[in-house]
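Visitor: structure, please.
(one chain, ligands or ions: 1)
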Amino acid sequence: METKELITQALSARENAYAPYSGFSVGAALQATDGRMFLGCNVENASYSMTICAERNAVLQAIAAGQRSFRSIAIVGGKTAEEARETPCVPCGACLQVLAEFCDGDFPILLTDGVHLLRDFLPQAFTL
Ligand code: THU
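Guide: Numbering: from 1, shown residues only. Next comes the predicted model:
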């Protein structure tokens, strides 16, 4: 699937975000190596720290479905749909660490400003 198409999927996942506290809605589209697509959005909570990010939501859905091998992830975020289309949303450190559990450094992270690699954002993931 092309970058533009994956970004479109992430934008549609963002529409389902539950973000009443921050007002910042995030969507992620995780493409598995078998072609399946796993979508995620952020889900906030009145107990703020219980919030789940969009990227981790997508990864956890894939793992629960039995898929652990991924081709790329598209991520969008913003307070408005326009902001989400135009301003790149870099994944947080926690989500990068979770991606690093299943993906190599050359895993492509597709943002609205182009393609980045996991190692660009997380040069040194924690390992045991
Ligand atoms: N958020 C994500 O969904 N992904 C990230 O990588 C960073 C932040 C969410 C969490 C929270 O609901 C909102 O964005 C504002 O921090």
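Visitor: tell me how many other residues surround Leu99.
Guide: Applying other C-beta atoms under 10 Å, we find 24 residues neighbouring Leu99. (Glycine included, C-beta is placed from N, CA and C.)
Visitor: so how far is the ligand from Ala74?
Guide: Distance, Ala74 to the ligand, using C-beta to the nearest ligand atom, to the nearest Å: 13 Å.
Visitor: same check on Cys41?
Guide: 8 Å.
Visitor: quick one, what contacts that residue?
Guide: Counting by C-beta atoms under 8 Å, 6 or more residues apart in numbering, Cys41 touches 13-18, 25-28, 54, 57.
Visitor: quick one: the strands in the protein, in order.
Guide: In the chain, strands defined by DSSP state E lie at 25-32, 37-41, 70-78, 108-111, 114-117, listed in chain order.
Visitor: so what does the fourth one touch, helix or strand wise?
Guide: Packing partners of strand 108-111 (3 or more C-beta pairs under 8 Å, 6 or more residues apart in numbering; DSSP states H and E): helix 3-14, strand 70-78, strand 114-117, helix 118-121.
Visitor: ok, Ala84 - how many residues close by?
Guide: Around Ala84 there are 25 residues (other C-beta under 10 Å).
Visitor: please renumber the chain so that the first residue is 36 from this point on.
Guide: Yes, from this point I'll number from 36; that puts the last item at Ala119.
Visitor: nearest spatial neighbour of it, skipping sequence neighbours?
Guide: Gly113 (3.7 Å; C-beta to C-beta, 6 or more residues apart in numbering).
Visitor: just the buried residues out of the contacts of Cys76, in PyMOL syntax.
Guide: The following PyMOL line selects those of those that are buried, judged by 16 or more other C-beta atoms under 10 Å:
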select buried, resi 48+49+52+60+61+62+63+89+92
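Visitor: ok, and of the contacts of Cys76, which contact the ligand?
Guide: Among the contacts of Cys76, the residues lying close to the ligand (C-beta under 6 Å from any ligand atom) are 61, 89.
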